[in-house]
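A.B. asks: what's the 3D shape of this:
(one chain, ligands or ions: 1)
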Amino acid sequence: MVKHCYLKYPWGASWCGMLLFAGKKNILVDSAVEEAFSPFLKNSLAELHLKIEDIDLVVNTHGHADHTGMNELIRANSNAGILNCSNLPENYIIDGGDYQLQILHTPGHTGDSVSFLELSEGILFSGDAIEGSGSRFAGVALYENAGKLLATIEKIRTLYTQNKIQKIYLGHAYHGTCGILEKDEIIPFLELSRKMVLSYDSFIKGLSENLTLAEQAELLRQEFSVSESVLCKKSAEITVKAHINRGEQLC
Ligand SMILES: [Zn+2]
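C.D. replies: Modelled structure (predicted):
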């Protein structure tokens, strides 16, 4: 059995998820925000009888600051390496000694998004790669490319139907989940995400072309979000752009 621990650092109205694989090598997937370093990470490791110095490697699902925030602090306080996985080839294997993590390119949320699949038990950490709704602050889902996000959702669905994925850990409380998708929850979650992207698409298509990007984003936010945070308004602009620039028909 692969020893792993899901760490959730409380952050604003939500939390940042990280997954620590503990074995011959201790690999931390995502590093939340900088302020999670002390006491949160230190105390979480202590409960597992580990210290910061015991982390061998940090990998990140993408470059957003709420997934890479502790990289430099961990590096400065240990001998941990930081591996930039977005430049590595599809299916590249990271060897943990007694477990292996496979890199899957899962763009859409950002162009550099990757997910990590633990091969023996089918544990996937997807970060923000398959969100379609209920984002970090109950706002509009945030993604840069709608077509690529749908392709990523389809890719995860295919791996699931091939029995390669048994459980998924998410980067935040997407769709109001606790961040963990057990096997029977995976397809409904993917379908909900897919439908949300298509709902956004038809809503944005129905808006007047005379509206500015900010005006379209505000209408999207009012239609689909309960959050009025500044961050949510910015996210909505990125997501509107992801639909305006999509170029191809979504399905
Ligand atoms: Zn993100």
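A.B. asks: please point out which parts of whichever strand or helix holds Lys233 sit buried.
C.D. replies: Secondary structure assigned from DSSP states H and E places Lys233 in helix 230-244. Neighbour counts using 16 or more other CB atoms under 10 Å place 232-233, 235-243 of helix 230-244 among the buried residues. In this view, the C-beta of every residue, glycine as well, is placed from N, C-alpha and C.
A.B. asks: hmm, who's touching that helix?
C.D. replies: For helix 230-244, contacts defined as CB atoms under 8 Å, 6 or more residues apart in numbering pick out 135-137, 139-146, 149, 200-201, 204-205, 213-214, 216-218, 220-221, 225.
A.B. asks: break down the chain into its helices, ranges please.
C.D. replies: Counting by DSSP state H, the chain forms helices over residues 42-47, 65-68, 71-76, 146-161, 183-205, 213-224, 230-244, given from the N-terminal end onward.
A.B. asks: could you export those as TSV, including mean pLDDT?
C.D. replies: Formatted as TSV, those follow (pLDDT from 0 to 100):
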stretch	mean pLDDT
helix 42-47	97
helix 65-68	96
helix 71-76	97
helix 146-161	97
helix 183-205	94
helix 213-224	92
helix 230-244	86
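A.B. asks: want to throw these into TSV with distance to the ion?
C.D. replies: As requested, those are exported to TSV (distance: least, CB to the ion, whole Å):
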stretch	distance to the ion
helix 42-47	21
helix 65-68	6
helix 71-76	15
helix 146-161	12
helix 183-205	14
helix 213-224	17
helix 230-244	10
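A.B. asks: in JSON lines: these, plus distance to Tyr9.
C.D. replies: Output for those, formatted as JSON lines (distance: least, CB to CB, whole Å):
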{"stretch": "helix 42-47", "distance to Tyr9": "9"}
{"stretch": "helix 65-68", "distance to Tyr9": "9"}
{"stretch": "helix 71-76", "distance to Tyr9": "13"}
{"stretch": "helix 146-161", "distance to Tyr9": "24"}
{"stretch": "helix 183-205", "distance to Tyr9": "22"}
{"stretch": "helix 213-224", "distance to Tyr9": "26"}
{"stretch": "helix 230-244", "distance to Tyr9": "17"}
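A.B. asks: of all these, which lies closest to Gln102?
C.D. replies: helix 146-161 (10.1 Å; CB to CB).
A.B. asks: now the closest one: buried residues?
C.D. replies: For helix 146-161, by 16+ other CB under 10 Å, it's 146-150, 152-153, 155-157, 159-160.
A.B. asks: that helix packs against which elements?
C.D. replies: With contacts defined as 3 or more CB pairs under 8 Å, 6 or more residues apart in numbering; DSSP states H and E, helix 146-161 has these neighbours: strand 123-127, helix 183-205, helix 230-244.
A.B. asks: redo that, cut-off 10 Å
C.D. replies: Other helices and strands packing on helix 146-161, by 3 or more CB pairs under 10 Å, 6 or more residues apart in numbering; DSSP states H and E, are strand 100-105, strand 114-118, strand 123-127, helix 183-205, helix 230-244.
A.B. asks: which elements pack onto the fourth one?
C.D. replies: Taking 3+ CB pairs under 10 Å, 6+ apart as contact, the helices and strands that helix 183-205 lies on are helix 146-161, strand 167-170, strand 180-181, helix 213-224, helix 230-244.
A.B. asks: recalculate using a threshold of 8 Å.
C.D. replies: Using 3+ CB pairs under 8 Å, 6+ apart as the contact criterion, the secondary-structure elements in contact with helix 183-205 are helix 146-161, strand 167-170, helix 213-224, helix 230-244.
A.B. asks: out of those, flag the one nearest Pro107.
C.D. replies: Comparing those by CB to CB, helix 146-161 comes nearest, at 4.5 Å.
A.B. asks: just the residues contacting the closest one, thanks.
C.D. replies: Contacts of helix 146-161 with the rest of the structure, by CB under 8 Å, 6+ apart, involve 104, 106-109, 111, 113, 115, 117, 124, 126, 129-130, 132, 143, 165, 168, 186-187, 190, 193-194, 197, 200-201, 242-243, 246-248, 250-251.
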